[in-house]
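> Just a sequence and a predicted model for now, questions to come.
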Amino acid sequence: QLAVAQRAAALVRPGGALLYSTCSLNPVEDEAVVAGILTGPGGDEWEIEAGAVDRGAPGLKYRPGVAAWRVAEHVLRGSAPGGGNASGPAQLYADADDDSDSDSEREVSLRWYASYDEAAAAGMPAAAPTMWPPATPTGGRELHLERCARFLPHDQDTGGFFVALLRRRQAPQQQE
């Protein structure tokens, strides 16, 4: 997700906008990607536009973006840290496609990690530092992730989705 969003951001001219949206409510796919743009290369050229949903769709119910979240991996119950089973993480997902009607044979649970360092030390296969909330002195508050919009299905009989409108600042010579 982040690589695609960063590529799209690179194509936006100064003063232009990038609308990032997912049909997910997982902060790792939502706010973490937006934070990755804002804290990554050239991130100081970007800001999340405030009030975009209210201007574009007045009356639409949404929740503000979140600034803190936890990260987990799917593991078979009783397996060692690092995910998966004796056959490795790929086998975990392959097992999910079998025709068994019994959940008792292989139960999958979540293993939570407080930080990238903890996940990497435990061998979490897909861990990337950008999956966790930004590690800034203010906890990422300066990013204004609350300006993102989270649409919850039960708020107005819709599907769940996430939207952030990012605006690339004008270059200094163009701000006159």
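It's in.
> Quick check: mean pLDDT of stretch 156-173?
Regarding stretch 156-173, the rounded mean pLDDT is 90.
> Repeat that for stretch 16-34.
Stretch 16-34 comes out with an average pLDDT of 96.
> Can you give the distance of it from its chain's centre?
The chain centroid and the centroid of stretch 16-34 are separated by 6 Å under CA atoms, centre = their mean, to the nearest Å.
> again, but for stretch 26-39
The mean C-alpha position of stretch 26-39 is separated from the chain mean by 4 Å, CA atoms, centre = their mean.
> Also stretch 30-48?
Stretch 30-48 sits 11 Å away from the centroid of its parent chain (CA atoms, centre = their mean).
> Flag every buried residue along it.
Buried residues in stretch 30-48, counted by 16 or more other CB atoms under 10 Å: 30-39, 43, 45-48. Any C-beta I mention is one placed from the backbone N, CA and C, and that applies to glycine too.
> Which parts of the chain are helices?
2-10, 31-39, 52-56, 89-95, 116-122, 153-156 (DSSP state H).
> Tell me which of those is the most buried.
helix 31-39 (a mean of 23; mean count of other CB atoms under 10 Å).
> what's that helix packed up against?
helix 2-10, strand 17-22, strand 46-48, strand 161-168 (3 or more CB pairs under 8 Å, 6 or more residues apart in numbering; DSSP states H and E).
> partner strands of the shortest one, parallel or antiparallel?
The reference is to strand 46-48. When pairing is defined by DSSP bridges, strand 46-48 lines up against strand 161-168 (antiparallel).
> Need the contact partners of the strand it pairs with.
Outside strand 161-168, the residues that touch it by CB atoms under 8 Å, 6 or more residues apart in numbering are 9, 12-25, 29-31, 34, 37-38, 45-49, 52-53, 62, 65, 147-151.
> so where's this protein shaky on pLDDT?
By pLDDT under 70, the weakly predicted segments of the chain are 78-105, 173-176.
> quick one, what contacts the spatially closest residue to residue 2 that is not a sequence neighbour?
Of all residues not flanking residue 2 in the chain, residue 36 sits nearest, at 4.5 Å (CB to CB, 6 or more residues apart in numbering). The neighbourhood of residue 36, defined by CB under 8 Å, 6+ apart, consists of 2, 5, 6, 130.
> Nearest to residue 121 among those?
residue 130 (17.6 Å; CB to CB).
> Contact partners for the closest one?
Contacts of residue 130 (CB under 8 Å, 6+ apart): 2, 32, 33, 35, 36, 40.
> Starting from residue 50, give me the distance back to it.
Distance of residue 130 to residue 50, computed by CB to CB, to the nearest Å: 23 Å.
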